[in-house]
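Trainee: Using only what follows, build the 3D model:
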Amino acid sequence: MDEKRLSGIPLFASLSKKDRRRVAQLADELDLPAGKELVHEGGFAYEVFVIETGTAEVTRHGEHVADLGPGDFFGEMAALTDGTRNAAVISTTPLTAIVMTAHDFRTMATEMPSVAEQISTAVAARLKSLSPS
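Mentor: Here you go, the predicted structure:
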């Protein structure tokens, strides 16, 4: 994948050119059609997605939870914990995503503390939203 494209994605924008080059080595890019199930609720986490273009819907137990768009990422919670997916994500438009295997995602989070911090903040916010009020 082209490291220059990563500079336009908030999760990677603050990285040095060297770190973006490393992310580009770890990541692949996928073009997916509308209606494609990207992750299956209850399935094992094999990859993490960052949306470059397009939109997706998050559902849990068949209920709408959130809409995602460019710059949003998902799959990180299960990938970091070797757990299962707590929601399904389906593309609602044609979508281009940056995809990393769970192993490569953990490598990136270890090698790049600034990305790990952003991910941890997002995970904490998502966990808080899942907690009963």
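
Trainee: Neighbours of G62, how many?
Mentor: Look at G62: counted by other CB atoms under 10 Å, it has 7 neighbours. Quick note: C-beta positions are derived from backbone N, CA and C, even for glycine.

Trainee: you'd agree A45 is up against H103?
Mentor: No - if you go by CB atoms under 8 Å, A45 and H103 don't touch, sitting 10.6 Å apart.

Trainee: neighbour count winner among these two?
Mentor: A45 (21 against 12).

Trainee: What sits closest to the more buried one if chain neighbours are left out?
Mentor: Take A45 and drop its neighbours on the chain: the residue closest to it by CB to CB, 6 or more residues apart in numbering is A78, 3.3 Å away.

Trainee: which residues does the nearest residue to K36 once chain neighbours are set aside contact?
Mentor: In space, K36 comes closest to S91 once its chain neighbours are excluded; the distance is 4.7 Å by CB to CB, 6+ apart. The neighbours of S91, taking CB atoms under 8 Å, 6 or more residues apart in numbering as the test, are 32-36, 38, 54-56.

Trainee: returning to that earlier point: contacting residues for the residue nearest to A45?
Mentor: 44-45, 84-86, 102.

Trainee: quick one: which helix or strand includes it?
Mentor: helix 76-81 (DSSP states H and E).

Trainee: show me where the chain has helices.
Mentor: 3-6, 10-13, 17-26, 76-81, 102-111, 113-130 (DSSP state H).

Trainee: Where does the prediction get shaky in this structure?
Mentor: For the chain, the stretches with pLDDT under 70 are 82, 122-123, 125-133.
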